[in-house]
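Enquirer: Got a predicted model here, sequence first, then my questions.
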Amino acid sequence: MSHVQARRECILEASARLFASKGVAATSMREIAESVGVRPGALYHYFPSKDAIVNELITGYLEQLQAEYESMAGAELDPRSRLRAIVDVSLRTAQDSPYATQIFQNELANLRELAEYRRAKLLSDRVQQVWIDAIEEGRSQGVFRTDIPTKVFHRFIRDAVWLSIKWHRSDDPYSIDDLADDCLAVFLDGFAVSPPVPPRPAAGEGTIRPV
């Protein structure tokens with residue numbers, strides 16, 4: 001790795017920590033510079049703006065996530081197993097990149113309309129579609145319920161998965177496999193031991209704000 005590449009990586013790592021803890025808007029280029037031990041003006045030799053740093057962090061994270069999803073695309077899996085695989089990959093990616101995951105969760109809704117984030121928006125839409133397709137496959141095969149809108153279920157399970165980085169530690173005896181299994185058990189089988197409530201009539205998809 002060249003000196004320039006190494007310095008860029010150092011800036012990205014420091015920025016990710018700051019953005020995740022303080023938020024993008026509350027983090028200044030001066031703070032980023034101080035955290036890596038350079039003068040503020042020196043940052044602009046590596047990134048033209050703070051937005052460019054955010055864009056690279058989010059885009060890199062989404063590219064990693066999409067690559068992981070694509071690696072299992074050809075596997076012959078039933079709907080439940082496919083959703084389990086998506087949950088597992090998402091949890092492991094979040095654990096590997098906790099800061100980027102948090103930035104994506106917290107900031108993308110505010111940034112997706114900016115021109116610089118076109119690539120990130122495209123990747124975000126592709127990542128979302130992997131979940132949607134898996135859920136729709138289960139609905140069409142009679143494995144998943146049809147009375148709850150796909151996008152609503154997707155939002156519930158997706159946010160539960162990605163927000164787990166706030167409390168699950170990589171060295172926890174409760175492993176990622178345990179977490180993925182229990183996530184699926186709760187979302188697909190429920191938590192109550194009483195007889196299941198009859199499903200509601202099928203609901204329309206409604207209008208859900210994109211994030």
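Expert: Yes, it's here.
Enquirer: Show me what the helix or strand bottoming out on mean pLDDT in the chain is packed up against.
Expert: Lowest mean confidence among the helices and strands of the chain (mean pLDDT, DSSP states H and E): helix 98-111, at a mean of 85. Counting contacts by 3 or more C-beta pairs under 8 Å, 6 or more residues apart in numbering; DSSP states H and E, helix 98-111 is packed against helix 3-22, helix 50-71, helix 118-140, helix 150-162. For glycine as for every other residue, the C-beta is placed from the backbone atoms N, C-alpha and C.
Enquirer: what does it rub up against?
Expert: 16-17, 19-20, 23-24, 51, 54, 57-58, 60-62, 93-94, 117, 120, 124, 159, 162-163, 165-166, 209-211 (C-beta atoms under 8 Å, 6 or more residues apart in numbering).
Enquirer: any low-confidence regions in the protein?
Expert: 1, 112-115, 194-211 (pLDDT under 70).
Enquirer: any idea how it splits into domains?
Expert: When the chain is parsed with the TED database, its domains come out as 1-48, 50-190.
Enquirer: As JSON lines, those domains with mean neighbour count would be great.
Expert: Below are the domains of the chain laid out as JSON lines (neighbours: other C-beta atoms under 10 Å):
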{"stretch": "domain 1-48", "mean neighbour count": "15"}
{"stretch": "domain 50-190", "mean neighbour count": "16"}
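Enquirer: Assess the claim that E31 and R17 are in contact.
Expert: No: with contacts counted by C-beta atoms under 8 Å, E31 stays clear of R17, the gap being 10.6 Å.
Enquirer: could I have the least confident helix or strand of the chain exported to PDB, CA atoms only?
Expert: This file holds the C-alpha atoms of helix 98-111, laid out as PDB (Å, rounded to 0.1, in the frame of the first residue of the first chain):
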ATOM      1  CA  PRO A  98     -19.700  -1.300  12.800                       C
ATOM      2  CA  TYR A  99     -19.000   2.400  12.200                       C
ATOM      3  CA  ALA A 100     -20.000   2.300   8.500                       C
ATOM      4  CA  THR A 101     -23.100   0.300   9.400                       C
ATOM      5  CA  GLN A 102     -24.100   3.000  12.000                       C
ATOM      6  CA  ILE A 103     -23.400   5.800   9.600                       C
ATOM      7  CA  PHE A 104     -25.500   4.100   6.900                       C
ATOM      8  CA  GLN A 105     -28.400   3.700   9.300                       C
ATOM      9  CA  ASN A 106     -28.200   7.200  10.700                       C
ATOM     10  CA  GLU A 107     -27.300   9.300   7.700                       C
ATOM     11  CA  LEU A 108     -28.400   7.800   4.400                       C
ATOM     12  CA  ALA A 109     -32.000   9.100   4.600                       C
ATOM     13  CA  ASN A 110     -30.600  12.700   4.800                       C
ATOM     14  CA  LEU A 111     -27.900  12.200   2.200                       C
END
